[in-house]
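Just a sequence and a predicted model for now, questions to come.
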Amino acid sequence: MKILIADPVDKQCVDILKNEGFEVVDRSGSALEEIMKEIGTADGLIVRSQTKVTTQMMEAAPMLKVVGRAGAGVDNIDVPAATRRGVLVMNTPGGNTISTAEHTMSLMLSMARNIPQANQSLREGKWDRKSFSGVELYEKTLGIVGLGKVGTEVARRSLALGMTVIAFDPIHSTELAGKMGIELVDLDQIFKRSDFISVHSPLTAETKDLINEKTLSSCKQGVRIINCARGGIVNEHDLLRALENGHVAGAALDVFQEEPPRDRSLILHPHVVTTPHLGASTEEAQEKVALQIAHQIADFLKERGVAGAVNGEMIRYMFRKEFRPYIELAERLGRLLSQLKVGDLRSVTIMVNGTFLHELSTVLGSVLIKGIFEKMLSEPVNYVNALALAKERGITVHVVQGDDHVLYANVIGVEYETTKERRKFSGTVFGNSDLRIIGIDEFHFEMRPYGIFLLYSNLDRPGMLASVSNILANAKINIGGLSLGRYTGGTTALTIIALDETPSQEVIKNISTVDGVSDVRLIFL
């Protein structure tokens, strides 16, 4: 079998695959045309971040069985397209955890002591000690946004330096964090209390521009910002302004919204320390991911086992048309849970009702947990590692096979418990592919889980919907649909309104002030 290497990897990767008896074709650094010439007869493909594995590329590779990313992310791989074609996608999560954590510490120390600036000054023949006076890390407060693998390693090293570590993570267990000596807090506390802030979260719609003019203004005078996660989490324009007016004392950046950045204003600022996305660029990290991906691909192609699979559990089910809607439904139920939950997640029970779905029980459990985690964790979440990640965070997961549902033939239900609440959701599929959320807590209704939704509780009395509708109309936001769940008349109702566009915070605030309306949420599905 033939393995095509499209991006530079450590030589040991090639050696391992050749020793396993594979034909290895190394086209790292070649133009796309050269890669496309070889991929038609390739059984396996290895990439890093440079090569984009598109639908077009996979259509040109009829023999392709596996795509391996020598790194943590799979942003450059069209995973749904691979799954549809029965191609396994695997990555090497954790291989660069230590290197990224150490790079974060290096940047934080360099920024605190002005080491790059002092080094450049000395190279220019100056002996200027006064201009480069720094600050100690000892007894300073470090705020970590995202307590995944990298964030946890940064926390451990910072605690060893005598820092106070606080962290925000919507999934991590308060109890487990406390055992490490880390205090879990909300984002407002991160900004208000931290002397240093380091981000280690994924780039999502929720985390884009998380560090911005407003959040920086709520920080201490003289705060210092570190970003070794993803460009775009820190609004670079707002950070530059805060550096120029002196509110932010320094910044250390390994990643940028545009790479390489054409606007060099931030890079050239005297209080900024920068590197060109070197978080994973150590000999050890590159060796680890190269060895890992070589062994993983060899094991898979020789049918010895599957590790690091992004879509491994799904492939045999994706070809069964009757199961696809339920897989999508489970993931959307997980996304709903992640956006509605309050408090630290403690347990999740997935109930699979209907004998038709019993074969899918374990898969649906993994899919639902992935839906919960996918936009909350800094490390990659997939169908294979979702349950393991839940266990790491002290979250108990149960999958229960139930009997046929009273009203519907096949139903996926989920009950969860946090430190503050216990709730349940359920969904089903009408016909062959019509997904519906059919229950939230004790409220029954039917809602297609696609788009933007306004969800709120209200007293069940005349005029409530009209009041909310007027606010939306005045904001020129169109209502695309309405679902209403209620107890007996005159008590409490749950209203879900499908919207054509996202309302502003001001609109949400105005709806929240309507007499009888409470717990207003904006949900994206």
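Nice, I can see it. Residues are numbered from 1 along each chain as shown.

switch to C-alpha atoms for all contacts and neighbour counts from now on
Will do.

distance of the nearest residue to residue 249 once chain neighbours are set aside from residue 253?
Spatial nearest neighbour of residue 249, chain neighbours left out: residue 222 (4.5 Å); criterion: CA to CA, 6 or more residues apart in numbering. Counting by CA to CA, to the nearest Å, the gap from residue 222 to residue 253 is 17 Å.

So if I had to pick from those two, which one is more boxed in?
residue 253 (26 against 16; other CA atoms under 10 Å).

circling back: and the residue nearest to residue 249, what is it in contact with?
195, 246-250 (CA atoms under 8 Å, 6 or more residues apart in numbering).

if we go to 7 Å?
In this structure, residue 222 makes contact with 247-249, judged by CA atoms under 7 Å, 6 or more residues apart in numbering.

Closest one of those residues to residue 174?
Checking these against residue 174 by CA to CA gives residue 248 as the nearest, at 29.5 Å.

Can you tell me who the closest residue to residue 24 other than its chain neighbours pairs with across the strands?
Among residues not flanking residue 24 along the chain, residue 3 sits closest, at 4.9 Å (CA to CA, 6+ apart). As for beta bridges, residue 3 partners with residue 24, residue 44 under DSSP bridges.

I'd like to know how many residues surround residue 3.
What residue 3 shows, counting by other CA under 10 Å, is a neighbour count of 27.

ok, it touching residue 21?
No - applying CA atoms under 7 Å as the test, residue 3 and residue 21 come out as separate, 10.5 Å apart.

And the helices in the stretch 351-500 of the chain?
Assigned by DSSP state H, counting those that start in this stretch, the stretch 351-500 of the chain shows helices spanning 361-373, 386-392, 464-474.

helices and strands around the shortest one, which ones?
Contacting helix 386-392 under the criterion 3 or more CA pairs under 7 Å, 6 or more residues apart in numbering; DSSP states H and E are the following elements: helix 361-373.

Quick check: mean pLDDT of the helix it packs on?
The pLDDT scores in helix 361-373 average 88.

Next: stretch 110-119.
On average, stretch 110-119 scores 96.

got it, and stretch 504-513?
Averaged over stretch 504-513, pLDDT sits at 93.

now do stretch 465-485
Across stretch 465-485, the average pLDDT comes to 93.

distance between the ends of stretch 2-21?
End-to-end distance of stretch 2-21 (CA to CA): 9 Å.

From the chain's centre, how far out is it? Work that out for me.
Mean-position distance between stretch 2-21 and its chain equals 30 Å (CA atoms, centre = their mean, to the nearest Å).

quick one: buried residues of that stretch?
By neighbour count with 16 or more other CA atoms under 10 Å, stretch 2-21 contains the buried residues 2-10, 13-14, 16-18.

Checking residue 205 next. Helix, strand or coil?
State at residue 205, reduced to three classes by DSSP: H, G, I helix; E, B strand; the rest coil: coil.

Run a quick neighbour tally on it.
10.

now it: how far from residue 375?
9 Å.

Now do the contacts for the closest residue to residue 199 other than its chain neighbours.
Residue nearest to residue 199 in three dimensions, not counting chain neighbours: residue 145, with 4.7 Å by CA to CA, 6+ apart. Shown in contact with residue 145 (CA under 7 Å, 6+ apart): 167-169, 198-201.

Now pLDDT too, for the residues you listed, in JSON lines please.
Converted to JSON lines, the contacts of residue 145 look like this (pLDDT from 0 to 100):
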{"residue": "167", "pLDDT": "97"}
{"residue": "168", "pLDDT": "95"}
{"residue": "169", "pLDDT": "92"}
{"residue": "198", "pLDDT": "98"}
{"residue": "199", "pLDDT": "97"}
{"residue": "200", "pLDDT": "94"}
{"residue": "201", "pLDDT": "89"}
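
pull the helix or strand with minimum mean pLDDT from this protein.
Taking mean pLDDT, DSSP states H and E as the measure, the chain has helix 315-318 as its least confident helix or strand, at a mean of 66.
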